[in-house]
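Participant: Show me how the following folds:
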Amino acid sequence: MAYYFAVALQQARKIPVGIVDNSVSGEVCQNFMSPAAFQSDPALAAMVQRHTKETSSQWKPLVEPIIPYCVRGVLW
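Facilitator: Next up is the predicted model:
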């Protein structure tokens, strides 16, 4: 899906589009969110903690390293 989205985006915008695959099978989205996201939104943190105790486990190994690449969007 990401490939076809990137091709369509490149054709529409006439700009280079790169794809970075940082998928982890079975992982939930809150583990890709920054700790700051939970610190800045106590309601979000409380809601997530009702379902799981783990948050941000994929932030440092998978998200932080690609921040310098000026990521402009994410597909989930």
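Participant: ok, now which ones touch the residue of the chain most remote from its centre?
Facilitator: In the chain, counting by CA atoms, centre = their mean, K14 sits farthest out from the average C-alpha position, at 24.3 Å. Counting by CB atoms under 8 Å, 6 or more residues apart in numbering, K14 touches no other residue. (Each C-beta comes from the backbone N, C-alpha and C, glycine too.)
Participant: Report the separation between it and V74.
Facilitator: 22 Å (CB to CB, to the nearest Å).
Participant: where along this structure do the strands fall?
Facilitator: Counting by DSSP state E, the chain forms no strands at all.
Participant: looking at it, which helix or strand is least sure?
Facilitator: Using mean pLDDT, DSSP states H and E, the weakest-scoring helix or strand in the chain turns out to be helix 42-51, at a mean of 90.
Participant: Which positions within the lengthiest helix in the chain qualify as buried?
Facilitator: Ranked by residue count, the top helix of the chain under DSSP state H comes out as helix 2-13. Of the residues in helix 2-13, none has enough neighbours to count as buried (16 or more other CB atoms under 10 Å).
Participant: hmm, who's touching that helix?
Facilitator: With CB under 8 Å, 6+ apart as the criterion, helix 2-13 contacts P16, V17, G18, I19, D21, L75.
Participant: Please tell me which one of these counts the most neighbours.
Facilitator: V17 (16 neighbours; other CB atoms under 10 Å).
Participant: any idea how far that one is from Q58?
Facilitator: Distance, V17 to Q58, using CB to CB: 23 Å.
Participant: now do R50
Facilitator: 20 Å.
Participant: Who has more neighbours out of these two?
Facilitator: A direct count of neighbours by other CB under 10 Å for R50 and Q58 places Q58 higher, at 20 against 6.
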